[in-house]
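> After the sequence you'll find the predicted model.
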Amino acid sequence: MLKNMEEVKSKITFDFVSRTLKFCAVGLFIPGFSAILLFGIQMALTKLGIECTDAWKLIWFITWVGMLLTPTFFIKYLKSENWRERRLLSRKLILFNSLEYIFIQASFGSLMSNSETLCYGSGGQNGLELGFSAWLSLPILLAFSFAFNNIWKSKE
């Protein structure tokens, strides 16, 4: 019977897109919170003795690397045999979406602003571009979810 239960679990479909759409609905309202998190990280790095502009450059480097590696690791996870537990997969997807959302937000923010502006302000910019870049991450997360659905279906 246990073997049959495992077979049933493995046959359960998992829709990445619908779950990511729910995350995106929330993501429309949280870009300010994640921007505050990024500013908090910058302030913590500054307290550790890293100059503000260098702190932003470090944050951007880490987020660009994270933005590129996180999907790679998640796809590797999906292709492994550890993904059959539906609840665990749901948690991993939430973690992926959250990390990738912040990584894309910060990385794209680096294209819209610079560390001098974020640290010392000029031209009326005050970090608002981080909010806009977070919204840009939502369609990218959906595109990843379509790809994850295809990977999931190919494993079944």
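Received it, and whenever you're ready, just let me know what you need.
> Can you tell me the centre-most residue of the chain?
Glu100 (1.4 Å; C-alpha atoms, centre = their mean).
> For Arg91, see how far away that one is.
From Glu100 across to Arg91, the span is 15 Å (C-beta to C-beta, to the nearest Å). For the C-beta atoms, the positions are set from N, CA and C on the backbone; glycine is no exception.
> For stretch 24-34, buried residues please.
Neighbour-count burial for stretch 24-34 flags 24, 27, 30-31, 34 (criterion: 16 or more other C-beta atoms under 10 Å).
> any weak-confidence spans in the chain?
Along the chain, segments meeting pLDDT under 70 span 1-12, 81-85, 122-127, 155-156.
> Contact partners for the residue nearest to the centre of the chain?
Residues in contact with Glu100 (C-beta atoms under 8 Å, 6 or more residues apart in numbering) are 67, 70-71, 137, 140-141, 144.
> Around Leu89, count how many other residues there are.
For Leu89, the count of nearby residues is 20 (other C-beta atoms under 10 Å).
> again but with Ala106, I slipped
27.
> how about it, what does it touch?
Counting by C-beta under 8 Å, 6+ apart, Ala106 has contacts 38, 59-60, 63, 130, 133.
> Mind telling me what element it is part of?
Assessed by DSSP states H and E, Ala106 sits inside helix 86-112.
> in the following helix or strand past that helix, what's buried?
Using DSSP H and E, the helix or strand that follows helix 86-112 towards the C-terminus is helix 115-120. Across helix 115-120, burial judged by 16+ other C-beta under 10 Å covers 115, 117-118.
> what's the answer for stretch 87-96, then?
Buried residues in stretch 87-96, counted by 16+ other C-beta under 10 Å: 89, 92-93, 96.
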